[in-house]
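Visitor: Provided below are the primary sequence and the corresponding predicted coordinates.
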Amino acid sequence: MFTDFFYYLRNFGVPVSMNEWQSLMDALEMGMAASTLTGFYYLCRAVLVKTEAHYDRFDLAFASYLGDLESPEGLPDKIWDWLNKELPSKDITDAMRRNHQQLDIEEMKRMLAERLAEQNEEHHGGNRWVGTGGTSPFGHSGYHPGGIRIGGNTRNLSAVKVAGMRRFQEFRTDETLGVRQFQMALRKLRQFTTRLDGAREELDLDATVDQTCQNAGRLELVWARPRVNSMKVLLLMDAGGSMLSYSRLCNQLFTAVNKSNHFKDLRTFYFHNCIYDWLYHDPSCSGRDFTDTEYILRTCDSDYRVIIVGDASMAPSELMRAGGIIDWDLHNERPGIEWLKQIRQHFEYSVWLNPISTKYWEWMDGAYTIKAVSQVFPMEELTVEGLERAIGKLKSRSAMGEGTRIVRS
Amino acid sequence: MAPDMTQYKGSSDYIVSDELRNSVNIAIALGKPLLIKGEPGTGKTMLAQSIANALDKELYIWNIKSTTKAQEGLYVYDTVQRLYDSQFKDHDVSNIKQYIKAGKLGEAFQSSQQVVLLIDEIDKADLEFPNDLLWELDQMSYYIPETKETVTARTRPIVIITSNAEKELPDAFLRRCIFHYIAFPDPSEMGEIIKVHHPSLDKRLLEQAMETFYMLRNIPNIQKKPSTSELIDWLQALVVGGISPNKIKQDMPFLGVLLKKNEDLDTLLNQLHNKTQARPQPRSTYWNR
């Protein structure tokens, strides 16, 4: 029964498993669908779809599957009732209207092509579409009502589809998936130690047995300090204008780092393009809200792990010359590269994460400065794999790489 | 279990949409946990209370914190107490059972009646937390090695799990749940919800407040959109403050109740003053120089 629908769903990118399908069959057996299409729709969605990000795909698959069937009786009134409720006359702002116009039929075709591509991959058993979420169709808000015709369904079924799309198009999978992957990678950044200060609150079983024996059987409890992560992290983020285009990626990393509660200490500072005398407390990098870089170098000991996020592309003078700082009203005595070298010397465990893909490093505008910076810090691209490699470098001193070749001038 | 015996129909103090009610009934009938996601303030936690009230069942709440371990929900073996007791010989320590203390999940399993178990904010816990509960939620039983006992639920509890989507949950866990996303209520549903909390509200006041509220929510770039619970608080403030309905839209009093972030207030002000270049772009001026 409905086995085709199972494959429809998988082709549309809803990751349905056999277990869930079996549950659905059980539920249908129990009459949970209440013998109406609406009931069936809700039942399927509740049992088969596990994230609001897939609601839209589910709606598409549902409409597409039922589009092949004749319009079942008892449907229209219910659906239309529901539909009327679901599409309130929202105040459409000018910005929204402009958006809708941009995403016209061409965009729609492209999206359809994407879905078809997904379909092929699905047949080969891969779950690729999860990983390649960068161009997820849910990021765009371009599904204006004209889009429904692509499915070529009967009117009432398209209605289900439209309603679904309009309500759930805002949710996107790529964001959270990225965050979870980053988080998983960051989990590897840990270093357990029991030698820290803190309450002794864990029973040390071996020592207790030992001591009790020594005590001729009279119980002597020995407490130990729990193993905690001693990893301290310093996150320095470039908040310059050229980073705007990577802000989503950087946000993901930032979210992941901040949600990782296993660090003993986490400090975040911001800078513009290159690090000079000051590190700022907020991304606007303005005003008096800063800490002297010197002070940080003095107070943070060298086992802090330093993650610098930045595109490292700037005008060569910004990096190499005294007074090269980009900010209009500031002046730096020492060139940026000197600061970078000093930071690298102090923090032996440090990496530079670059949101620009490795393959462009030599061809970008900032190729010169990227090269210069990557001679100071080991540089990795800001992807999940890159982060994993970077964390490997943060963990061991042996993997300090090319950054150690520090030339004193 | 006959499905018609445990039909959840909503309760007097909680407005439930048809979709949500369906999902709850499906979860009950299939004996699977119901995973509830949704914006903060859409009544995820309230749902479990409402189910418990409506079906006249006891409610167990397991609040998850970042340090919560899956094991704690099942049982805790108080070894230290046992060791101490053994020193003073006034307890029979050979009976390990008395040192096994059931956690919330364990209590729910052992209850003779069917209960409602709320696992609140599961996403607060460690990334692996949901995976550690797979077997227990699937089989509704767990094994205590210390006493060589298997605790099996006499009646499958109705399990409600809420998540604020702070962390993505693992697929294997999701596969075992029934999922429902509580969408933000539209104005008419919102009217119903408010009626429950403020039964005698001036109609004009409500109208004006709702209009302002949805206007605020529709402003793009608002980081923390005001939610249902904030609207309810705001209405309370408006009533207590004796604000005339005509002034609500103009003055927007007590805005701090609705918008909790400075940036959002700024965004709103910019919007109101029709400043199109609201976003500061620190470097653009420099490049143009």
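Guide: That came through, no problem. Numbers count the residues shown, from 1 in each chain, chains lettered A, B, ... in the order given.

Visitor: can we go C-alpha only for contacts and neighbour counts from here?
Guide: Noted.

Visitor: residues in contact with A:Trp278?
Guide: A:271, A:290-293 (C-alpha atoms under 8 Å, 6 or more residues apart in numbering or on different chains).

Visitor: pLDDT value on the residue nearest to it when sequence neighbours are not counted, please?
Guide: Distances taken as C-alpha to C-alpha, 6 or more residues apart in numbering or on different chains put A:Asp292 closest to A:Trp278, at 4.6 Å, once the chain neighbours are dropped. For A:Asp292, the pLDDT comes out at 87.

Visitor: what's the first-to-last distance across stretch A:278-295?
Guide: 9 Å (C-alpha to C-alpha, to the nearest Å).

Visitor: Check which residues of it are buried.
Guide: A:278-282, A:284-285, A:290, A:293 (16 or more other C-alpha atoms under 10 Å in any protein chain shown).

Visitor: Equivalent analysis for stretch A:375-386, please.
Guide: Buried residues in stretch A:375-386 (16+ other C-alpha under 10 Å): A:375-384, A:386.

Visitor: repeat for stretch B:33-41
Guide: Of the residues in stretch B:33-41, B:33-40 count as buried by neighbour count, 16+ other C-alpha under 10 Å.

Visitor: which residues touch residue 260?
Guide: Since you didn't name a chain, this refers to chain A. A:183, A:186-187.

Visitor: not what I meant, chain B
Guide: In this structure, B:Lys260 makes contact with B:Lys224, judged by C-alpha under 8 Å, 6+ apart.

Visitor: where does it land in three-state SS?
Guide: Here B:Lys260 is coil, with the state taken from DSSP: H, G, I helix; E, B strand; the rest coil.

Visitor: re earlier: rebuild the buried residues of stretch B:33-41 as JSON lines, extending it with distance to A:Leu297.
Guide: JSON lines is the format used below for those (distance: C-alpha to C-alpha, whole Å):
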{"residue": "B:Pro33", "distance to A:Leu297": "51"}
{"residue": "B:Leu34", "distance to A:Leu297": "50"}
{"residue": "B:Leu35", "distance to A:Leu297": "47"}
{"residue": "B:Ile36", "distance to A:Leu297": "46"}
{"residue": "B:Lys37", "distance to A:Leu297": "44"}
{"residue": "B:Gly38", "distance to A:Leu297": "43"}
{"residue": "B:Glu39", "distance to A:Leu297": "42"}
{"residue": "B:Pro40", "distance to A:Leu297": "40"}
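
Visitor: quick one: A:Thr358 from chain B, how far?
Guide: The gap separating A:Thr358 from chain B is 25 Å, by C-alpha to the nearest C-alpha, to the nearest Å.

Visitor: ok, that residue - how many residues close by?
Guide: 14 (other C-alpha atoms under 10 Å in any protein chain shown).

Visitor: For it, what are phi and psi?
Guide: Dihedral pair for A:Thr358: phi -50, psi -40, per degrees, to the nearest 10.

Visitor: The buried residues of stretch A:375-386 in strands, which ones?
Guide: Using DSSP state E, A:379-381 are the members of those that sit in strands.

Visitor: Which stretches in the stretch 101-250 of chain B count as strands?
Guide: All strands of the stretch 101-250 of chain B, identified by DSSP state E, counting those that start in this stretch, fall at B:116-120, B:141-144, B:149-152, B:158-163, B:178-182.

Visitor: same deal with chain A?
Guide: Assigned by DSSP E, chain A shows strands spanning A:192-193, A:202-203, A:223-224, A:228-229, A:232-238, A:265-271, A:278-280, A:290-292, A:304-309, A:350-354, A:379-381.
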